[in-house]
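Chemist: Next one to model:
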Amino acid sequence: MPGTRSTAKDGARNRLELVLTTKGEPIWKAIEAVAPVRTAVNKALTNLAIQKVAPRPNPLSTKADYTSWDSLTDRTFSGRHLPPATGAGAKLPKVEDLEGLFSRERFIESTKSTVLFSYFAQWFTDGFLRSDRTIQPNGKRDMRKNESNHDIDLTNLYGLRPDVTEQLRTHEGGLLKSQQVNGEEYPPYLCENGERRPEFSLIEVLRFDEQSTATRDQLFAMGSDTSNLQVGFVMHNVLFLREHNRIARLLGAAYPKWDDERLFGTARNVLTVLLIKVVIEDYINHITPFIFKLRMEPLSFPNKRWYRQNWMAVEFQLLYRWHSLVPVTYRIAGADVKIWDTLFNTDIVTANGLGSLFEDAAAQPAGQVGLRNTPPELWPVEAASVEQGREVELRSYNDYRELTGFPRATDFDQISSDDGVRDTLRKLYGKVENMEFYVGLFAEDARTNSVLPSLIGRMVGLDAFSQVYTNPLLSVPHIYTEMTFSPLGMDIIRTTASLEQIVHRNVPAGSQTGFVGLTRQGWKRAR
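Modeler: Sure, this is the predicted structure:
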């Protein structure tokens, strides 16, 4: 049942920041209208998000509880923002006792987010938040380790390694391999008669051995082992393949003396920055409660103290487990499709066409991020997340509040307005000081006009901005230039600000003209 959340431990500075950034719409609109002022405010708000926590390098990783050369350089282990906890396990409830906290009894609909937002979030983060898949001698994966490149680099499309990328290229005109199906461009099929084609010998697919011959024959050859996993992953990979080839063809026409290698490399550079720009100007602006619309402006951040090598943190991996966004079924071409029927099923995409699927996803509400809203079928995934947090000995929820500039909570009524959630948390943890990081993240109420609770929102801002602007392609003044992207490439970057634009220019003429957005059509800010 709904109750009232106490704001006693929000902190005076945090309350002031929230009021200043979410009230006074006419003032913010006036600021956006004056370019130099807009740039200064954009810089200030971005720095504000990043500087809530000390910048990288973090002194510790998941390798050990002390600083060493390896902890500062071996990025196969995940970074960590706080030292490991000691003796916390004795105070924690059994993992199975948490199921009722997460599992959905009724679908709690997001008032702001579309299913397209959930698709994009899953696909985008899977490119760099990648746990190590290796099975250890004990039959388990090492939760401390990752297989990430730690940069936004479109691994989903191009692969983790250069030898994989080579197998996906035509080596002519800078293009990626593709085929035509029902008059639209798609990646080539990976298999024939259930066997991987020799030209794609290095292309991996998660759970490949579990798939039937029929399923294998409609899998696409794509960069990540999860690219075929779910319809949203497939949609975005197909879209960005089309955009890569579109850019490569434009570059080839504009610069006829360029060879295949330069065309491919420049198209990849442009597309990677397009993704980063969409992340900032479309995705992050959807997440944040701010009135002011953030922009990608690399020239604002030369030689910042936080400009350090990217290294994904284990906390960042866990806070992105937004399973509650997933609805009961997906509405596709007028029919309700069970979630499980969208797995390893590229035929859904080729049968319906890319534009139609993006329209459908933008027309359907996602779930609200939080407890008691995860499909029961996904409880095992939530349980694995809780177990990972315990295995790497993350510190408590309150420790992370303190790290990010929030006062420590002293009662559960300062966290959630849901009486049922508060009562269950008291029963399981006794007091707030005992509550673990992963559960606390999702126990909080979502912020007004945002899609995320406060702690998740703050940590997303911290890690997202500090690892977006530190992408090598945005380095100023010597890399983010026309020498890297070409004048044509810079113009493509300058004139693109949303996922919708990329969709509209990559579907057949006349096949799709409707709304494509992360924010629900007609959504209005709460006053």
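Chemist: Would you mind identifying the next helix or strand past the helix or strand hosting residue 455?
Modeler: Element membership of residue 455, judged by DSSP states H and E, is helix 454-468. Sequence order places helix 482-494 as the next helix or strand after helix 454-468, per DSSP H and E.
Chemist: Next, the buried residues of the strand or helix carrying residue 248.
Modeler: Using DSSP H and E, residue 248 sits within helix 231-254. Neighbour counts over helix 231-254 (16 or more other Cβ atoms under 10 Å) mark 231-248, 250-252 as buried. No exception for glycine: its C-beta is placed from N, CA and C like everyone else's.
Chemist: Repeat that for stretch 419-435.
Modeler: 420, 421, 422, 424, 425, 428, 429, 432, 434, 435.
Chemist: So which of those sit within strands?
Modeler: In strands, judged by DSSP state E, none of the buried residues of stretch 419-435 are found.
Chemist: Dump these to TSV, plus pLDDT and distance to residue 278.
Modeler: Formatted as TSV, these follow (pLDDT from 0 to 100; distance: Cβ to Cβ, whole Å):
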residue	pLDDT	distance to residue 278
420	94	37
421	95	34
422	96	38
424	96	38
425	97	37
428	97	39
429	96	39
432	96	38
434	95	40
435	97	35
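Chemist: For residue 300, which residues are in contact?
Modeler: 39, 42, 43, 46 (Cβ atoms under 8 Å, 6 or more residues apart in numbering).
Chemist: Next one: residue 88, what pLDDT does it get?
Modeler: At residue 88, the pLDDT value in this model is 67.
Chemist: Next: residue 261.
Modeler: Value for residue 261, per-residue pLDDT: 98.
Chemist: Now for it: which residues touch it?
Modeler: Counting by Cβ under 8 Å, 6+ apart, residue 261 touches residue 174.
Chemist: and it, that one's in a helix?
Modeler: Yes. Under DSSP: H, G, I helix; E, B strand; the rest coil, residue 261 falls within a helix.
Chemist: Report the separation between it and residue 483.
Modeler: Going from residue 261 to residue 483 by Cβ to Cβ, to the nearest Å gives 16 Å.
Chemist: same thing with residue 416?
Modeler: 52 Å.
Chemist: Among these two, which residue is more densely surrounded?
Modeler: Counted by other Cβ atoms under 10 Å, residue 416 and residue 483 do not tie: residue 416 has more neighbours, with 25 against 10.
Chemist: before we move on, the earlier item: got JSON lines for the contacts of residue 300, with neighbour count too?
Modeler: Formatted as JSON lines, the contacts of residue 300 follow (neighbours: other Cβ atoms under 10 Å):
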{"residue": "39", "neighbour count": "14"}
{"residue": "42", "neighbour count": "20"}
{"residue": "43", "neighbour count": "16"}
{"residue": "46", "neighbour count": "24"}
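Chemist: Next, the angle from the host helix or strand of residue 16 to helix 454-468.
Modeler: Using DSSP H and E, residue 16 sits within helix 12-22. Here helix 12-22 runs at an angle of 70 degrees relative to helix 454-468 (axes from the mean of the first three to the mean of the last three Cα atoms, to 10 degrees).
Chemist: Low-confidence regions, this protein specifically.
Modeler: 1-2, 88-90, 512-513 (pLDDT under 70).
Chemist: top strand in it by residue count?
Modeler: From DSSP E, the single longest strand across the chain is strand 109-114.
Chemist: I'd like the next helix or strand past it.
Modeler: Following strand 109-114 in sequence, per DSSP H and E, is helix 115-126.
Chemist: what distance separates that following helix from the middle of the whole chain?
Modeler: 6 Å (Cα atoms, centre = their mean, to the nearest Å).
Chemist: Just name whatever secondary elements the following helix or strand past that helix is in contact with.
Modeler: Using DSSP H and E, the helix or strand that follows helix 115-126 in sequence is helix 155-158. Helix 155-158 is packed against helix 162-168, helix 231-254, with contacts defined by 3 or more Cβ pairs under 8 Å, 6 or more residues apart in numbering; DSSP states H and E.
Chemist: Kindly report which residue of the protein is located farthest from the centre.
Modeler: Among the C-alpha atoms of the chain, the one most distant from their mean position (Cα atoms, centre = their mean) is that of residue 257, at 37.6 Å.
Chemist: for the helix holding residue 248, packing partners?
Modeler: Other helices and strands packing on helix 231-254, by 3+ Cβ pairs under 8 Å, 6+ apart, are helix 115-126, helix 155-158, strand 184-186, helix 260-278, helix 347-352, helix 354-363, helix 482-494, helix 499-504.
Chemist: now it against helix 260-278, angle please.
Modeler: 130 degrees.
Chemist: export helix 231-254 as CSV, just CAs?
Modeler: Output of helix 231-254 as CSV, limited to C-alpha atoms (Å, rounded to 0.1, in the frame of the first residue of the first chain):
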residue,chain,number,x,y,z
VAL,A,231,14.5,-8.9,-30.1
GLY,A,232,15.6,-5.5,-28.8
PHE,A,233,19.3,-6.5,-29.2
VAL,A,234,18.7,-7.7,-32.7
MET,A,235,16.8,-4.5,-33.7
HIS,A,236,19.5,-2.2,-32.5
ASN,A,237,22.3,-4.2,-34.0
VAL,A,238,20.5,-4.3,-37.4
LEU,A,239,19.9,-0.5,-37.1
PHE,A,240,23.5,0.3,-36.4
LEU,A,241,24.8,-2.1,-39.1
ARG,A,242,22.6,-0.2,-41.6
GLU,A,243,23.9,3.2,-40.3
HIS,A,244,27.5,2.0,-40.5
ASN,A,245,27.1,1.0,-44.2
ARG,A,246,25.1,4.1,-44.9
ILE,A,247,28.0,6.3,-43.6
ALA,A,248,30.6,4.2,-45.4
ARG,A,249,28.8,4.6,-48.7
LEU,A,250,28.5,8.4,-48.2
LEU,A,251,32.2,8.6,-47.3
GLY,A,252,33.1,6.5,-50.3
ALA,A,253,31.2,8.9,-52.6
ALA,A,254,32.7,12.0,-51.0
